[in-house]
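**Q** what's the 3D shape of this:
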Amino acid sequence: MLDAIPPGNPLSGDEFDELELPLRMDLLAAQQSLAAANRATILIIAGVDGAGKGALAQRLCEWMDPRGIETNTFWERSDEEDSRPYFWRFWRRLPPRGEIGIFLGSWYTRLGRKAMSGELTDGEFAEGCQRIWEFERMLAEDGAIIIKLWLQVGRDARRQQLQERAGKQQNPRVTDRPYELQGDYDLSQNIASEMIQRTNSLYASWHLLDAEDKRYRDITAGRVVAGAMQRHELSVVGNQIDHAVEKPSTPSSLADVDLSRVLAKDDYKDQLSKWQRRLQDLAWQRYREGRSLIAVFEGWDAAGKGSSLRRVTNAVDPRLYHLARYAAPSDEELKYHYLWRFWRHIQRDGRFTLFDRSWYGRVLVERVEGFAAENEWQRAYYEIAEFERQLLDNESTLCKFWIHISKDEQLKRFQERESTPHKRYKITQDDWRNREKWSDYETAVNDMLAATSTRAAPWTLIAGNDKRYARIQILKTLCQAMADDSNEG
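**A** Next up, the predicted model:
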């Protein structure tokens with residue numbers, strides 16, 4: 001495949017100078033147009049070591065306005081990155097809407113290196129390509145423009161360029177294995193070819209360029225980038241991925257929840273002490289094992305999420321957890337894919353990340369209130385599945401709770417909050433307005449449960465009319481989930 005790349009025509013200095021100015025004007029115009037359209041651009045520059053990836057990135061920053069460009073080079077992984085899911089390091093470096101992110105080294109690097117070293121089976125390699133395919137599709141459907149360049153030079157040219165670079169004593173890299181597929185040339189070419197074929201798509205296509213003449217390389221790459229940026233009305237076309245998986249034998253709708261469940265006060269005190277001690281022990285055990293817990297707390301307004309969370313955090317050393325609370329997204333968060341604001345709060349391995357409201361807001365409040373278009377919340381089901389798959393691939397334990405109460409119980413709690421001075425801050429006009437849409441929210445919740453409760457990441461529906469019963473069920477479920485994942489039984 002890479003051997004079939006048409007050879008470039010070497011350009012003289014005069015020819016280059018003649019082509020440079022109009023190309024530069026095209027790039028600047030395209031950059032300004034996309035900034036005005038609020039579209040993010042992701043430019044991946046990959047290829048053979050010695051092909052001039054860094055030089056090309058520098059040239060593109062020179063030709064465009066560097067104030068709207070961030071260049072990301074992924075060398076050695078930091079301990080902070082090593083202790084989180086793999087894609088975390090890329091999510092946090094994505095460009096905001098209206099800006100350009102250049103990636104030297106990317107989500108392809110680790111997969112290619114592992115394949116080079118023989119660490120992957122054919123199936124694992126194919127699965128890794130599929131995860132990349134899904135990631136890029138997710139970004140493209142959110143409006144990002146993804147441009148992928150592969151710079152190719154032959155075996156002899158690569159050897160010559162590397163020798164020349166060493167002879168010029170350029171500034172040393174921080175590592176001798178930065179972001180290329182180094183090693184056996186033929187093997188690296190075969191792996192790169194397969195990776196390119198498996199991850200090529202209409203919304204994130206690869207552009208294969210001959211890079212042996214640097215002037216030709218820069219002009220050709222610049223034209224590709226300018227053309228892709230000018231065609232910013234992209235449509236996502238391709239294979240529709242079936243995310244259906246076997247469902248667990250858990251309640252599939254709110255109607256299945258027995259809201260009559262109660263727990264006596266004396267029993268509650270005994271069980272609260274028991275399960276909080278157990279949770280404390282498991283939190284330290286998980287810290288020593290370097291395995292995370294991620295827990296999502298969703299439910300009706302006044303369902304008791306806050307009080308349940310307090311019973312969890314009261315049992316855990318505050319150094320071991322982070323509680324992330326979410327309301328409407330900030331102006332900064334709106335500049336990114338909606339999952340970005342959740343990725344950035346994922347804690348290091350061995351710690352708890354507790355979400356008071358979560359990414360499920362896209363298919364609940366944003367759906368019901370019209371803050372997300374239908375195509376946005378519909379595709380969120382598979383985006384959430386991918387997000388949670390990556391958390392689980394990092395050997396995290398994921399627990400998802402929906403605290404269910406009856407409509408009458410909610411009214412009772414609303415009225416109690418209004419009549420109690422120290423609780424009055426908990427009730428707002430939005431709560432009353434949301435209550436009027438109870439049936440719409442109920443439909444959205446049931447759709448969410450059907451689409452996102454999987455064997456690997458099931459929803460736990462908590463009967464919440466009795467707060468004591470709900471708190472104990474949450475503590476017990478967290479402990480059992482962590483014990484199961486630690487093979488304690």
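
**Q** lowest-pLDDT helix or strand in the chain?
**A** Lowest mean confidence among the helices and strands of the chain (mean pLDDT, DSSP states H and E): helix 155-167, at a mean of 58.

**Q** Show me what the following helix or strand past it is in contact with.
**A** Where DSSP states H and E defines the elements, the next helix or strand beyond helix 155-167 is helix 185-199. By Cβ atoms under 8 Å, 6 or more residues apart in numbering, the residues outside helix 185-199 that reach it are 1-3, 48, 108, 111-112, 115-116, 125-126, 129-130, 132-133, 136, 150, 155, 158, 181-182, 206, 208. C-beta here means a position set from N, CA and C on the backbone, and glycine is covered the same way.

**Q** If you count neighbours, what's buried in the helix or strand encompassing Glu418?
**A** Element membership for Glu418 (DSSP H and E) is helix 407-419. By 16 or more other Cβ atoms under 10 Å, the buried positions in helix 407-419 come out as Glu409, Gln410, Arg413, Phe414, Arg417.

**Q** Could you count how many residues lie near the residue nearest to the second one when sequence neighbours are not counted?
**A** Put plainly, it is Gln410. Nearest non-adjacent residue to Gln410, counting by Cβ to Cβ, 6 or more residues apart in numbering: Ala302, 5.3 Å away. Neighbour count of Ala302, defined by other Cβ atoms under 10 Å: 22.

**Q** which SS state does Ala302 fall under?
**A** Per DSSP: H, G, I helix; E, B strand; the rest coil, the secondary structure class of Ala302 is coil.

**Q** from what I can see it touches Leu411, true?
**A** No: in this structure, Ala302 is not within contact of Leu411 by Cβ atoms under 8 Å, at 9.0 Å.

**Q** Now the buried members of the contacts of helix 185-199.
**A** 2, 48, 108, 111-112, 115-116, 125, 129, 132-133, 136, 150, 158, 181-182, 206, 208.

**Q** Keep only those of these that are in strands.
**A** Counted as lying in strands by DSSP state E, out of the buried ones among the contacts of helix 185-199, are Trp150, Trp206, Leu208.

**Q** and of those, the nearest to Ser33?
**A** Trp206 (23.7 Å; Cβ to Cβ).

**Q** for the closest one, which residues make a bridge with it?
**A** Lys148 (DSSP bridges).

**Q** same question, Leu104
**A** Here Leu104 sits in beta bridges with Ile45, Thr73, going by DSSP bridges.

**Q** mind checking how far stretch 19-33 is from the chain centre?
**A** Counting by Cα atoms, centre = their mean, to the nearest Å, stretch 19-33 is centred 32 Å from the centre of its parent chain.

**Q** Would you mind listing the buried residues in that stretch?
**A** Buried, per 16+ other Cβ under 10 Å, within stretch 19-33: Leu19, Glu20, Leu23, Arg24, Asp26, Leu27, Ala30, Gln31.

**Q** Helix, strand, or coil at the closest residue to the fifth one other than its chain neighbours?
**A** Going back to what we said before, that points to Asp26. Leaving aside its sequence neighbours, Asp26 sits nearest to Ala226 (Cβ to Cβ, 6+ apart; 4.4 Å). Using three-state DSSP, the structure places Ala226 in helix.

**Q** Which residues are in contact with Ala226?
**A** Residues near Ala226 by Cβ under 8 Å, 6+ apart: Leu23, Asp26, Leu27, Ala30.

**Q** What confidence value was assigned to the nearest residue to the last one once chain neighbours are set aside?
**A** Spelled out, it's Ala30. In space, and not counting its chain neighbours, Ala30 is closest to Met229: 3.7 Å by Cβ to Cβ, 6+ apart. Predicted confidence (pLDDT) for Met229: 94.

**Q** now do Ser252
**A** Reported pLDDT for Ser252: 69.

**Q** so the residue of the chain most remote from its centre is in which element?
**A** Taking Cα atoms, centre = their mean as the measure, the residue most remote from the mean C-alpha position of the chain is Asp14, 45.6 Å away. Element membership of Asp14 [criterion: DSSP H and E] is helix 13-37.

**Q** counting contacts, what elements does that helix pack onto?
**A** Judged by 3 or more Cβ pairs under 8 Å, 6 or more residues apart in numbering; DSSP states H and E, helix 13-37 is in contact with helix 53-63, helix 214-230.

**Q** Sketch out the low-pLDDT regions of the stretch 151-300 of the chain for me.
**A** 156-183, 233-252 (pLDDT under 70).

**Q** can I assume Gly98 is in contact with Ala40?
**A** Yes: counting by Cβ under 8 Å, Ala40 is a contact partner of Gly98 at 6.9 Å.

**Q** When those two are compared, which one has more neighbours?
**A** Neighbours were counted for Gly98 and for Ala40 using other Cβ under 10 Å; Ala40 has more, 23 against 17.

**Q** in terms of contact, does the more buried one touch Pro96 like I think?
**A** Yes: with contact defined as Cβ under 8 Å, Ala40 reaches Pro96; the gap is 6.4 Å.

**Q** I'd assumed Glu70 was in a strand, is it?
**A** Yes: assessed by three-state DSSP, Glu70 belongs to a strand.

**Q** Next, count neighbours for it.
**A** 16.

**Q** what does Arg311 give?
**A** When counting by other Cβ under 10 Å, one arrives at 20 neighbours for Arg311.

**Q** what do you get for the one 5 residues further on?
**A** Summarising burial for Val316: neighbours were counted as other Cβ under 10 Å, giving 20.

**Q** Can you get me a residue count around the nearest residue to Ala228 once chain neighbours are set aside?
**A** Distances taken as Cβ to Cβ, 6+ apart place Ile147 nearest to Ala228, at 4.6 Å, with adjacent residues excluded. By other Cβ under 10 Å, the residues close to Ile147 number 22.

**Q** Let me see the contact set for Ile147.
**A** By Cβ under 8 Å, 6+ apart, the residues touching Ile147 are Thr41, Ile42, Leu43, Ile44, His207, Val224, Val225, Ala228, Met229.

**Q** any chance of the helices and strands packed on helix 13-37 in a markdown table, plus distance to Arg286?
**A** As requested, the helices and strands packed on helix 13-37 are arranged in a markdown table below (distance: least, Cβ to Cβ, whole Å):
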| stretch | distance to Arg286 |
| --- | --- |
| helix 53-63 | 40 |
| helix 214-230 | 45 |
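
**Q** What separation is there between Ser106 and Arg291?
**A** For Ser106, the distance to Arg291 (Cβ to Cβ, to the nearest Å) stands at 27 Å.

**Q** ditto for Tyr86
**A** 16 Å.

**Q** what sits up against stretch 214-225?
**A** 8-13, 15-16, 19-20, 23-24, 27, 43, 45, 51-52, 55-56, 59-60, 63, 147, 149, 151, 207, 209-211.

**Q** how many neighbours does the closest residue to Tyr86 other than its chain neighbours have?
**A** Distances taken as Cβ to Cβ, 6+ apart place Arg110 nearest to Tyr86, at 6.7 Å, with adjacent residues excluded. Counted by other Cβ under 10 Å, the residues lying close to Arg110 total 14.
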